[in-house]
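K.L.:
A predicted structure for the sequence below; I have some questions about it.
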Amino acid sequence: MSNLLNLGIPKGSLENATVELFRKSGWQISISSRSYFPGVDDDELNCKLIRPQEMGKYVERGTIDAGIAGRDWVRENDSDVVEVCEMVYSKVSRRPARWVLVVTKDSTVQKPEDLHGATISTELVGFTKRYFAERNIPVNVEFSWGATEAKVVDGLCDAIVEVTETGSTIKANGLRIVCDLMESVPVLIANKAAWADPWKRQKIETIATLLKASLAAEGMVGLKMNAPNDKVEAITEILPSLNRPTVSHLYKSEWVSIESVLHEKEVRRIVPQLLALGAQGIIEYSLNKVL
Ligand SMILES: Nc1ncnc2c1ncn2[C@@H]1O[C@H](COP(=O)(O)OP(=O)(O)OP(=O)(O)O)[C@@H](O)[C@H]1O
Ligand SMILES: O=P(O)(O)OC[C@H]1O[C@H](OP(=O)(O)OP(=O)(O)O)[C@H](O)[C@@H]1O
Ligand SMILES: [Mg+2]
């Protein structure tokens, strides 16, 4: 049984984006409705769906060897685990999630200090209490089971500390962000004993490497072109690359092939310049992974 890694997949907001990231990285995870044990096309992996709020606890205990959860919840639970790597993605975007202090639009609150003696509702109680205590602002922090935005609209509390990504929920409820309190990204965490086991560690590191390589490839493309020998210097001078562009000779020709990896957004700027310098047969191709 030693060549089996128990891996926690975050159930909820990060679920679809995580499964999609694994697909790009080479693992097909299939989740059937109502089952908390997704299938995966790797005999060395055993996946379980676990709430990000509880991931740290189960990884710390060794119930599972590794898992992905938002760093916010790993910190909130003060989980004694190895943080293997962070990955920048959220529910719908490739930006960190933000925990923000939120009030109604007509509230007079402009800064955290204005909440002296106020009641704040949040799912992230420990962090919120610490944030206000460190600033010597006495507040009453209440745990919220969710739908937190509704509570400040209803006047059940004076402010909330909520997670936001696109901002659409805050906007839809007519609320206003006072300030950002913290950012959070998903992290791959490992149990300490699993990390000390050479096979498990290697497997966890392989997963980390490939997940990060898939994220790194997003927005990057390969660009390849032919050019006369005497233009190589001028072209490689302006061509962005990860390290240096590759130059190889065309068979029985005075021409060379030049290849580079760059941000897709740079292509529209660089292509007219490449053409002006005499490049021909330019091709752009997408990349699955950048390591
Ligand atoms: N758009 C988002 N909304 C909420 N959480 C997000 C978002 N993007 C990333 N996250 C992260 O997802 C985790 C919260 O997960 P989840 O949504 O499962 O919790 P929840 O809100 O309590 O559950 P539910 O989906 O049942 O409302 C946190 O680590 C948070 O930082
Ligand atoms: O900034 P946005 O892109 O709108 O995303 C943030 C919203 O998404 C989450 O809600 P969720 O769907 O988890 O519902 P909940 O309030 O019941 O937890 C979070 O709690 C916010 O309400
Ligand atoms: Mg939620």
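P.N.:
That came in fine, so what should we check first? For clarity, every value in this text was computed on a predicted model and none was experimentally measured. Ligands and ions are numbered 1, 2, ... in the order given.
K.L.:
chain center to the longest helix along the chain, what's the gap?
P.N.:
In the chain, taking DSSP state H as the definition, the longest helix is helix 198-217. For helix 198-217, the distance from its own C-alpha centre to the chain's C-alpha centre is 14 Å (Cα atoms, centre = their mean, to the nearest Å).
K.L.:
got the contact list for that helix?
P.N.:
Applying Cβ atoms under 8 Å, 6 or more residues apart in numbering, the contact partners of helix 198-217 are 2-3, 5, 7, 21-22, 24-26, 44-45, 65-66, 84-85, 87-89, 94, 188, 190, 194-195, 287-291. Any C-beta I mention is one placed from the backbone N, CA and C, and that applies to glycine too.
K.L.:
After that helix, which helix or strand is next?
P.N.:
Using DSSP states H and E, the helix or strand that follows helix 198-217 in sequence is strand 220-228.
K.L.:
which helices and strands does that next one pack with?
P.N.:
In this structure, strand 220-228 packs against strand 255-263, helix 264-276, strand 280-286, with contacts taken as 3 or more Cβ pairs under 8 Å, 6 or more residues apart in numbering; DSSP states H and E.
K.L.:
among the ones you listed, which is the most enclosed?
P.N.:
Among these, strand 255-263 has the highest mean neighbour count (mean count of other Cβ atoms under 10 Å), at a mean of 18.
K.L.:
Just want the angle from it to helix 198-217.
P.N.:
Interaxial angle, strand 255-263 versus helix 198-217 (axes from the mean of the first three to the mean of the last three Cα atoms, to 10 degrees): 100 degrees.
K.L.:
May I have the strands that pair with strand 255-263, each with its orientation?
P.N.:
If you go by DSSP bridges, strand 255-263 pairs up with strand 220-228 (antiparallel), strand 246-249 (antiparallel).
K.L.:
Pull the residues that contact the first one.
P.N.:
Strand 220-228 is touched from outside by 235, 239, 250, 254-264, 267, 270, 274, 277-287, 290, with contacts defined as Cβ under 8 Å, 6+ apart.
K.L.:
mind redoing it with 6 Å?
P.N.:
With contact meaning Cβ atoms under 6 Å, 6 or more residues apart in numbering, strand 220-228 is reached by 235, 255, 257-261, 264, 278-287, 290.
K.L.:
Please work out the average pLDDT along it.
P.N.:
Mean pLDDT, strand 220-228: 97.
K.L.:
what comes up buried for the next helix or strand after that strand?
P.N.:
Once the chain leaves strand 220-228, the next helix or strand it forms, by DSSP H and E, is helix 232-238. Using 16 or more other Cβ atoms under 10 Å as the test for burial, helix 232-238 gives 232, 234-236.
K.L.:
Which strands or helices does helix 232-238 pack on?
P.N.:
Taking 3 or more Cβ pairs under 6 Å, 6 or more residues apart in numbering; DSSP states H and E as contact, there are no helices or strands that helix 232-238 lies on.
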